[in-house]
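S.K.: Could you look at this predicted model? Sequence included:
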Amino acid sequence: MKKLLSIRNTAMNLLARREHSASELLQKLKQRDHAEEDILKAIEELQADNLQSDARFTESFINQRVNAGYGPIKIRHDLRNRGVNQDLVDAYLGPFQDGWFERMSEQRIRKFGVEIPYEYALKMKQARFLQNRGFSPESVMRLFR
């Protein structure tokens with residue numbers, strides 16, 4: 001019982017700093033040499049008390065990344081690496097679907113200015129930047145037409 005309380009307190013300290021997915025909490029608590037079975041019990045209790053929520057984490061993460069200028073491919077990849085369920089990602093990315101092209105254009109203008117270059121090498125430099133930010137190659141090429 002004391003062990004579970006210690007795990008719960010450590011997890012709550014982590015959650016007090018920022019939202020974490022259940023998978024992230026599991027990994028961080030494993031690094032502290034806690035038994036996986038005990039960690040899973042503690043995470044279940046935190047979820048039951050609504051102190052940990054993958055939905056809340058996903059919403060927060062997506063909003064932060066969208067505001068930072070990242071595209072849907074990178075956001076999906078980062079959430080997959082954090083162990084978030086794909087259905088949850090789809091649900092929270094859905095409202096942003098119609099605005100990706102405008103966000104991508106804003107990122108290009110913010111970084112490179114309004115003028116679209118004529119030189120192939122400069123276009124490719126901008127295209128690589130946008131693809132690294134998580135925008136699809138198809139949408140990037142459409143921007144340069």
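M.R.: Nice, I can see it.
S.K.: hey, let's count contacts and neighbours off CA atoms from now on
M.R.: OK.
S.K.: tell me the domain ranges of the protein?
M.R.: Using automatic domain parsing, the domain parsing of the chain gives 2-52, 54-145.
S.K.: what about the strands in the protein?
M.R.: Taking DSSP state E, the chain contains no strands at all.
S.K.: which helices and strands sit right next to the helix-or-strand element of it with minimal mean pLDDT?
M.R.: Sorting the helices and strands of the chain by mean pLDDT, DSSP states H and E puts helix 2-17 at the bottom, at a mean of 88. Applying 3 or more CA pairs under 8 Å, 6 or more residues apart in numbering; DSSP states H and E, we find helix 2-17 packed against helix 22-30, helix 36-48.
S.K.: Take these and write them to CSV, including mean neighbour count and distance to residue 15.
M.R.: Shown next, in CSV, are the helices and strands packed on helix 2-17 (neighbours: other CA atoms under 10 Å; distance: least, CA to CA, whole Å):
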stretch, mean neighbour count, distance to residue 15
helix 22-30, 18, 9
helix 36-48, 16, 10
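S.K.: ok, back up a step: the least confident helix or strand of the chain vs helix 22-30, what angle?
M.R.: In terms of direction (axes from the mean of the first three to the mean of the last three CA atoms, to 10 degrees), helix 2-17 departs from helix 22-30 by 120 degrees.
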